[in-house]
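**Student:** Output the structure for:
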Amino acid sequence: MTTNRNGDPAWLADSIMFRHGAAKGRPGATHVLDHEVQGKYNYTIGPYSEPVMTVAPGDRIVIFTEDCFEGRIREETDKPSEILEMPFINPQCGPIMIEGAEKGDAVAVYIESIRPRPDRPGGTCCLIQEFGGLVGTTYTAMLNPPLPEIVKKIKVDEKHVYWSERVTLPYKPHIGTLSCSPEIDSINALTPDQHGGNMDMPDICPGNVVFLPVKVPGARLFVGDCHACQGEGEVCGVAVEHAAIVTVRVELLKGWTLAWPRLETEDFIMSIGSARPLEDAMRIAYRDLVYWMEKDYGFDRYDAYMLLSQVGKAKLGNFVDPKYTIGAAVDKKHLAMP
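**Tutor:** As a prediction, this is how the structure comes out:
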């Protein structure tokens, strides 16, 4: 990967974040958000919790996240139903206030790195009763008995996830829950929606930029729920959950009003929708992508719609949470001006 003198990937110089952000790619101060600064974690995302810090556009934040169980599941003999106190799971760091952010703006979050916390080594996967894609749940009620509670503790380092003696997986971390505050609602941290939330989208990973709608002064950024790896859909409901050190850089795009989260990589752009049923999440994502191509890339709306029928890519975040998440993407090579 080609980098510039600041160590950033070269493509960022032409990214939406650097071209249109308030800091224009200039690095700012570095802040550390650890447990001492955070204090009590948040289990809802909204405008009512006490901010933990204020940062400026261009600033870097090093965030010490908990796993989604806040470290409560420690042994393979533990039973989640006896240890976890629903809905007090998926703890969030923040809220972080962004200077100058107002309703109608967008916050850009460039994910520089994610690495396992050395003081909290290892990851956790498990089966939780009435949770997952192939079982009856509160939202998909069935008479079938719940699956057995199984806990798997997994060695994790910055290169691999050691699933078993038979299977070793690459360490491919991402942020499961990334949000700015809704305007009036305080939403459970397990639920994705227009604010972002628990999207569980593997592309929210190091090297990529996520754009979130701003609905309240200061934006109120929340970060948590890092995964060491996860397949598309997160079918059993739990990834390899791990406590992590997340380094991000934040930027502010004044007047770039978004309805839903968006994402940019070196190779493609993506709109992200969350809803039930799954096809409605797909419709939300693709419609937003059509609007994006029309407004910012000069496409005729219906030509963009037809083009995406040929080259669009659908990426599944989760189909296990209170709302399901889909990303609709298009390669940048199809957006280039003649």
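
**Student:** In the stretch 51-200 of the chain, where is pLDDT below threshold?
**Tutor:** Nowhere does the stretch 51-200 of the chain drop to pLDDT under 70.

**Student:** hey, where'd the strands end up in it?
**Tutor:** According to DSSP state E, counting those that start in this stretch, the stretch 51-200 of the chain carries its strands in the segments 53-55, 60-65, 92-98, 106-116, 123-126, 151-156, 160-162, 169-170, 174-180, 187-188, 196-197.

**Student:** Out of those, which gets nearest to residue 257?
**Tutor:** Closest to residue 257 of these, according to Cβ to Cβ: strand 106-116, at 7.3 Å. To be clear about C-beta, it is placed using only N, CA and C from the backbone, and glycine gets the same treatment.

**Student:** partners of the closest one, with directions?
**Tutor:** Sheet pairing of strand 106-116 (DSSP bridges) gives strand 209-213 (antiparallel), strand 244-253 (antiparallel).

**Student:** Dihedrals phi and psi, residue 287?
**Tutor:** As for residue 287, its main-chain torsions (degrees, to the nearest 10) stand at phi -60, psi -40.

**Student:** so who does it touch?
**Tutor:** Shown in contact with residue 287 (Cβ atoms under 8 Å, 6 or more residues apart in numbering): residue 273.

**Student:** measure it to residue 296 for me?
**Tutor:** 15 Å (Cβ to Cβ, to the nearest Å).

**Student:** next one: residue 58
**Tutor:** Noted for residue 58: a distance of 22 Å to residue 296, by Cβ to Cβ.

**Student:** These two: who's more crowded?
**Tutor:** When neighbours are counted by other Cβ atoms under 10 Å, residue 58 and residue 296 differ, and residue 58 comes out ahead with 19 against 13.

**Student:** Tell me who's in contact with the nearest residue to that one once chain neighbours are set aside.
**Tutor:** Nearest non-adjacent residue to residue 58, counting by Cβ to Cβ, 6 or more residues apart in numbering: residue 23, 3.0 Å away. Contact partners of residue 23, counting by Cβ under 8 Å, 6+ apart, are 56-58, 251-252.

**Student:** Give me the ChimeraX select line for the residues you listed, limited to the buried ones.
**Tutor:** Selection of buried members from these for ChimeraX, criterion 16 or more other Cβ atoms under 10 Å:
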select :56,57,58,251,252
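
**Student:** can you name the two of the contacts of residue 23 that are farthest apart?
**Tutor:** 56 and 251, at 9.9 Å, using Cβ to Cβ across the contacts of residue 23.

**Student:** which residues are in contact with stretch 140-152?
**Tutor:** For stretch 140-152, contacts defined as Cβ under 8 Å, 6+ apart pick out 73, 75-81, 124-130, 132, 135-136.

**Student:** Now which of these would you call buried?
**Tutor:** 73, 78, 80, 124-130, 132, 135-136.

**Student:** For the chain, which segments are assigned as helices?
**Tutor:** Along the chain, counting by DSSP state H, helices occupy 16-20, 35-38, 80-83, 278-297, 301-311.

**Student:** Nearest to residue 321 among those helices would be which one?
**Tutor:** Using Cβ to Cβ, the helices of the chain put helix 278-297 closest to residue 321, at 10.7 Å.
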